[in-house]
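>>> With the sequence up front, the predicted model follows.
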Amino acid sequence: MLLSALLTSVGINLGLCFLYFTLFSILKRQPGNVYVYAPRLVAEGKAQQENDFNLEKLLPSVNWVKRAWQVTEDELLTTAGFDAVVLMRIIIFSLRVFSFAAVVGVFVLLPLNYMGNQLNFDFIDLSTKSLESFSVSNVDDGSSRLWIHFGAVYIFTVFVCYLLYREYKSLSSKRIEYFLSSKPQPHQFTVLVRGIPVSSARSISDTVDGFFSECYPSMYLSHSIVRSTSKIKALVKYGDKVHKKLTSLKSSNQSEEKFTRSGFLGLFGKRVNMVDHYENKLENIEENVRTEQSSIIGKEVAAAFVCFKTRFTTATALHIRQAVNPTEWVTEPAPHPKDVYWPFFSTSFIRIWISNIVVIMACILLTIMFLIPVLIVQGLANLKQLEMWFPFLKGILSM
């Protein structure tokens, strides 16, 4: 590998890093992206979307980097949660590993390789600008210096294992401390049960109550059956839309009344007042919602939220198979109330399995797509490839 090719690769990667750094610095300051870069603060009411346009927000800034590194672990734990602390420790761990490898490689292995003469015997026309002189292939055959390479590998392995052990021990203790200091949450005592066997003689609610009362007689607390509410959700969504239109009409300052047609798309039918029309729609929607709520009791889904008296029993129920058939009585951690996706509970086991396969394939495809620009950059590092793709650089590359 030539020095110019290495510098070309370094330059391309540094340019891309600077571009991404600049884009992130600009995009994170835009008011419309507050829900993307600070969703937790928005949910807690500590951040709000600003509608005022400011030209300074289009200029990149590096102040956030300094502030990010000045935050202590306790502050990060309080403001962003334990996951953010783990992510920061992973970054610090990576920096320590690469720093140790760089010191050993630059000050020990590179001078050792350069002192060899093996490449001069193997290649007579070896270029003086080639970086192969710094590789292990330049160490003389049978030389005792090869043991230094083996020793460096073992030392590096022991160092990484020690760092992993220390980080695991530290994060484990912090996780337990954070778990014990935090207030108990309802989802920590609850498990999601899917694949409940359906019987014509008993309701799903009675089946769940009988099963867990028998398996966990002293620790079982209660359960809540998931019911099909798709129609109610559609009515509520449509009601919100009508309510917004009605509120907009009532808040307008126009004194004249607005009229529309009661038929299809407001083009056909009897001419009616728009305010009265939307009020009648809301009343009809409210009546339909009440009708659906009264009939929803019989629309049980083969899924339930089961609550226990202790978190230990909850963890036990999660990690122990409840039935011989792996598709029945499947237990999963109960999601946070804001993370519940209700249509998921009406999905069969096969469809969930297919969905998992699709997600895995999508991740693999995304990884392959990510490798494409990496391969392009590595290809550009080859000077001959550069001269073929960009002939106008031939004079510069020949210098």
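Arrived safely.

>>> so where do the strands sit in the stretch 251-399 of the chain?
Using DSSP state E, counting those that start in this stretch, the strands of the stretch 251-399 of the chain run over 259-261, 271-273, 300-308, 330-333.

>>> Which other helices and strands does the third one contact?
Think strand 300-308. strand 190-194, helix 204-215, strand 220-227, helix 311-319 (3 or more Cβ pairs under 8 Å, 6 or more residues apart in numbering; DSSP states H and E). Placement of C-beta: from N, CA and C, glycine included.

>>> Next, count neighbours for the residue nearest to T313 when sequence neighbours are not counted.
Among residues not flanking T313 along the chain, M219 sits closest, at 4.1 Å (Cβ to Cβ, 6 or more residues apart in numbering). The local packing of M219 (other Cβ atoms under 10 Å) involves 15 other residues.

>>> do the same with I225
Per other Cβ under 10 Å, the neighbour tally for I225 reads 22.

>>> beta partners of it?
Taking DSSP bridges, one obtains A304 as the residues bridged to I225.

>>> That one reaches V301, doesn't it?
Yes - between I225 and V301 there is a contact at 7.4 Å, judged by Cβ atoms under 8 Å.

>>> one step back: so of the helices and strands packed on strand 300-308, which one's packed in deepest?
Burial of these is given as mean neighbour count (mean count of other Cβ atoms under 10 Å); strand 190-194 ranks first at a mean of 22.

>>> Can you check what angle separates that strand from helix 204-215?
Counting by axes from the mean of the first three to the mean of the last three Cα atoms, to 10 degrees, strand 190-194 points 120 degrees away from the direction of helix 204-215.

>>> elements contacting strand 190-194?
Identification of packing neighbours for strand 190-194 by 3+ Cβ pairs under 8 Å, 6+ apart yields strand 300-308, helix 311-319, strand 330-333.

>>> domain assignment for this structure?
Using automatic domain parsing, the domain parsing of the chain gives 1-70, 71-182, 186-228+299-347, 230-296, 355-397.

>>> End to end on the second one, go ahead and measure it.
Taking Cα to Cα, to the nearest Å, the first and last residues of domain 71-182 lie 21 Å apart.

>>> now it, how far from the chain's geometric center?
27 Å (Cα atoms, centre = their mean, to the nearest Å).

>>> one step back: need the helices and strands packed on strand 300-308 in TSV (columns: mean pLDDT and distance to V139).
Below are those laid out as TSV (pLDDT from 0 to 100; distance: least, Cβ to Cβ, whole Å):
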stretch	mean pLDDT	distance to V139
strand 190-194	90	59
helix 204-215	90	65
strand 220-227	87	66
helix 311-319	90	52
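
>>> Could you export those as CSV, including distance to L112?
Output for the helices and strands packed on strand 300-308, formatted as CSV (distance: least, Cβ to Cβ, whole Å):
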stretch, distance to L112
strand 190-194, 58
helix 204-215, 65
strand 220-227, 66
helix 311-319, 51
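
>>> I'd like to know how far F156 sits from F134.
For F156, the distance to F134 equals 18 Å [Cβ to Cβ, to the nearest Å].

>>> That concludes my questions; thank you for your assistance.
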